[in-house]
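Asks: what's the 3D shape of this:
(2 chains)
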Amino acid sequence: MAISKTNKSKVVYTLLAWSISGMLFFPILWTMITSFKTEAEAISATPSLFMFEWTLENYTDVLARSPYFEHFLNSVIISLGASLLGLLIAIPAAWSMAFVQTKRTKNLLMWMLSTKMLPPVGVLIPIYLLFRDFGLLDTRLGLVIVMTLINLPIMVWMLYTYFREIPHEILEAARMDGAGIKEEIFHVLLPIALPGIASTLLLNVILAWNEAFWTLILTAANAAPLTAFIASYSSPEGLFYAKLSAASVMAVVPILILGWFSQKQLVRGLSFGAVK
Amino acid sequence: MLKKLSLLLAGAMTISAVASAETITIATVNNGDMITMKSLSNDFEEKYPDIQLKWVTLEENILRQRVTTDVATGGGQYDVMTIGTYEVPIWGKQGWLTELDGLGESYDIDDLLPAIRSGLSVNNKLYAAPFYGESSMVMYRTDLMEKAGLTMPKAPTWDFIREAAAAMTDKDAGVYGICLRGKAGWGENIALITSMANSFGARWYDENWKPQFDSKAWKNTLEYYVDVMDKYGPPGASANGFNENLALFQTGKCGIWIDATVAGGFVTNEKDSEVADKVGFALAPDNGLGKRGNWLWAWTLAIPSSSKKSDAAMKFISWAASKGYSSLVADKKGWANVPPGTRASLYANPEYMQAAPFAEITLDSINSADPKNPTVEPVPYVGVQFVAIPEFQGIGTAVGQQFSAALTGRMTVDQALKSSQRLVERAMRKARYPK
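Replies: The predicted structure follows:
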């Protein structure tokens, strides 16, 4: 009786998990399917899921009209650059907050996180003027700096949570053996916290890849990443859904692949310290 | 050996020419005519090998946000900007645009349609070159009109439109008599309803900038709009903008569609439209008050004052907005694809008039719109379907939300107008009008 009850709840949970996954994945699936339709079919009042004339025309049009690989390269450089630079700053910051705590550490952390609550448009003009004056408009370096600053609070917070799970005694032992701060961080802390660091890196790559406010405002022709590539396919006068879908698929596929191959690492890192 | 050397020298010279070429950045909107311009821009680069072009193509709202930020802060990211007739008078007055006084004689400024030229000039100085212009018109299904036993006049009244919409509606067959914009936004439902309101004798402000939504004329306008859409419009109309109505019309779901003249090319395009051979055109309706319900809009090319390459930018504009460019498009893509609504010479061209069955209506509509006297009574503003003041984007969208709520039935017409009056009064007080 007890076994059948367990089995029943397993079935229910599995069905629930599949339903939620299906609901989450459906918009992506729909975008993928739309990308193979004609523009007229894409906006039809009675859309078809699979029974339509499949075409690759949208992909060839998009590739002919836009320098996809330039945008792709910009996205890779900006998201990876910002995440690596962010890690360089976030690791020592999180180390000090986790292992050299003061009574204001928690407040400091909360203050850092609170900057994420500010609507980006609130600081648009000052940042734009700073970028103009420092010659950073439409440069990858400028975007790397801005993405680093935007995601830094999350990186510090995540790393702080991981580091807190590491027993202090291990670091103390290293210190007793004569390790300096550098050795302590690089030879003791980092190897232990590697899953957490990897998931922080991955999550921030994804966040920077998807960011679509600053990347659109601060770039023009040279540093525009894939978000600008997608934005160029929406039109107020004329049908565009199929081409927009093709552009969206081309923009999200790389990050989907990255997420797929690193999902184990991501889940492991994100659930690190969740269960005690 | 000598041959190799001369080849090397030629190669080096080409490389150095490319290296010394000036690059200009053009921000443009993702519309068919702009994409054609981009695809034909090799012609410009061949004529001006010392100028290279970089394109930034964006959706209208994102483009507006980006170029506004850039021009207001003097960012200098763009050398040529695609902006609309709403921005030009405001930015021209602010000194954010370079006067286009170097376009050359071949540009033939006197060939521009007077209504378009007037909307792009500040103190008689041209601040943007029109790339394509549009008004609005009635598009209707000739077969459904015939079935209903009606004939669409060239210049219908709003009463006739109601009668025709009623006669064409067959909800069981999924055919709706009329499709109008319902999506909230200053460039969406407000463009249509403000144009309609002009023909009902309504205006946004009186001469002292006092909002006028408490007037009888506004009540008549909104009551008409909500009533015909409720009785003869498609379901979910409050979410419909240009593209949604285009799709409905192209698939035979609409009897009448009143929208941008640029749609004429889409609905008669046999590749996408199921009703391509059954479409007729007429002027936007009126109420016998001397103003028709048509708007006036142009996408234009302008040079921000912050551009450091204004000479090269000027050369580009004089190429893209020229008569020569029209001939180039006609040669490569056919006359029907030439950017419409900017030059009188295009409408004197029999080949174009034959290729575009909606050309005559477009020209008449553009000529009848007057941005400085848009409605029956005098107004203190410029603009037919908008008010060319910086606050209008916000105010227009807020009012559009009230009108959209009236369309869905969440508000009555009276409530929507009362609420609009209140919010516009508040916004004008805050902005310290009259200035």
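
Asks: And the helices in the stretch 101-250 of chain B?
Replies: Counting by DSSP state H, counting those that start in this stretch, the stretch 101-250 of chain B has helices at residues B:114-119, B:142-147, B:158-168, B:189-199, B:216-232, B:242-250.

Asks: Turn those into CSV, including mean neighbour count.
Replies: Placement of C-beta: from N, CA and C, glycine included. Listed next are these as CSV, based on neighbours: other CB atoms under 10 Å in any protein chain shown:
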stretch, mean neighbour count
helix B:114-119, 21
helix B:142-147, 16
helix B:158-168, 19
helix B:189-199, 27
helix B:216-232, 20
helix B:242-250, 23
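
Asks: wait, which of those is closest to chain A?
Replies: Chain A lies closest to helix B:242-250 among the helices of the stretch 101-250 of chain B, at 4.1 Å (CB to the nearest CB).

Asks: and the helices of the stretch 101-250 of chain B as CSV, adding distance to chain A and mean pLDDT?
Replies: Formatted as CSV, the helices of the stretch 101-250 of chain B follow (distance: least, CB to the nearest CB, whole Å; pLDDT from 0 to 100):
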stretch, distance to chain A, mean pLDDT
helix B:114-119, 17, 90
helix B:142-147, 18, 96
helix B:158-168, 18, 98
helix B:189-199, 11, 97
helix B:216-232, 17, 98
helix B:242-250, 4, 90
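
Asks: Dump those helices into CSV; add distance to residue B:382 as well.
Replies: Below are those laid out as CSV (distance: least, CB to CB, whole Å):
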stretch, distance to residue B:382
helix B:114-119, 7
helix B:142-147, 36
helix B:158-168, 25
helix B:189-199, 13
helix B:216-232, 20
helix B:242-250, 23
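
Asks: Residue B:90 is nearest to which of those helices?
Replies: Residue B:90 lies closest, by CB to CB, to one member of those: helix B:114-119, at 11.8 Å.

Asks: same for the closest one, what does it pack against?
Replies: Packed against helix B:114-119 by the contact rule (3 or more CB pairs under 8 Å, 6 or more residues apart in numbering or on different chains; DSSP states H and E) you find strand B:129-141, strand B:296-302, helix B:359-368.

Asks: Tabulate those (TSV), appending distance to chain A.
Replies: Below are those laid out as TSV (distance: least, CB to the nearest CB, whole Å):
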stretch	distance to chain A
strand B:129-141	9
strand B:296-302	10
helix B:359-368	14
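
Asks: Make CSV from the ones you listed and add mean neighbour count to it.
Replies: Rendered in CSV, the data for the helices and strands packed on helix B:114-119 read as follows (neighbours: other CB under 10 Å):
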stretch, mean neighbour count
strand B:129-141, 26
strand B:296-302, 27
helix B:359-368, 21
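
Asks: can you list these in TSV and add mean pLDDT?
Replies: Listed next are these as TSV, based on pLDDT from 0 to 100:
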stretch	mean pLDDT
strand B:129-141	96
strand B:296-302	95
helix B:359-368	92
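
Asks: could you dump these to JSON lines with distance to residue B:26?
Replies: Formatted as JSON lines, the helices and strands packed on helix B:114-119 follow (distance: least, CB to CB, whole Å):
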{"stretch": "strand B:129-141", "distance to residue B:26": "11"}
{"stretch": "strand B:296-302", "distance to residue B:26": "8"}
{"stretch": "helix B:359-368", "distance to residue B:26": "25"}
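
Asks: Any idea which of those gets closest to residue A:204?
Replies: Comparison of those against residue A:204 by CB to CB identifies strand B:296-302 as nearest, at 39.0 Å.

Asks: quick one: which of the helices of the stretch 101-250 of chain B is nearest residue A:214?
Replies: That would be helix B:242-250 among those, by CB to CB, at 28.0 Å.

Asks: Need the CA coordinates for that closest one. CSV is fine.
Replies: As requested, the backbone C-alpha atoms of helix B:242-250 are provided in CSV (Å, rounded to 0.1, in the frame of the first residue of the first chain):
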residue,chain,number,x,y,z
PHE,B,242,-1.1,47.9,-38.3
ASN,B,243,0.3,44.4,-38.7
GLU,B,244,-2.6,42.6,-37.1
ASN,B,245,-5.1,44.4,-39.3
LEU,B,246,-2.9,43.9,-42.3
ALA,B,247,-3.0,40.1,-41.6
LEU,B,248,-6.8,40.2,-41.1
PHE,B,249,-7.3,42.1,-44.4
GLN,B,250,-4.9,40.0,-46.4
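
Asks: Could you tell me which residues make contact with the closest residue to chain B within the stretch 1-150 of chain A?
Replies: Chain B sits closest to residue A:43 of the stretch 1-150 of chain A, with a gap of 4.1 Å, by CB to the nearest CB. Contacts for residue A:43 (CB atoms under 8 Å, 6 or more residues apart in numbering or on different chains) come out as A:239, A:241, B:243-244, B:247.
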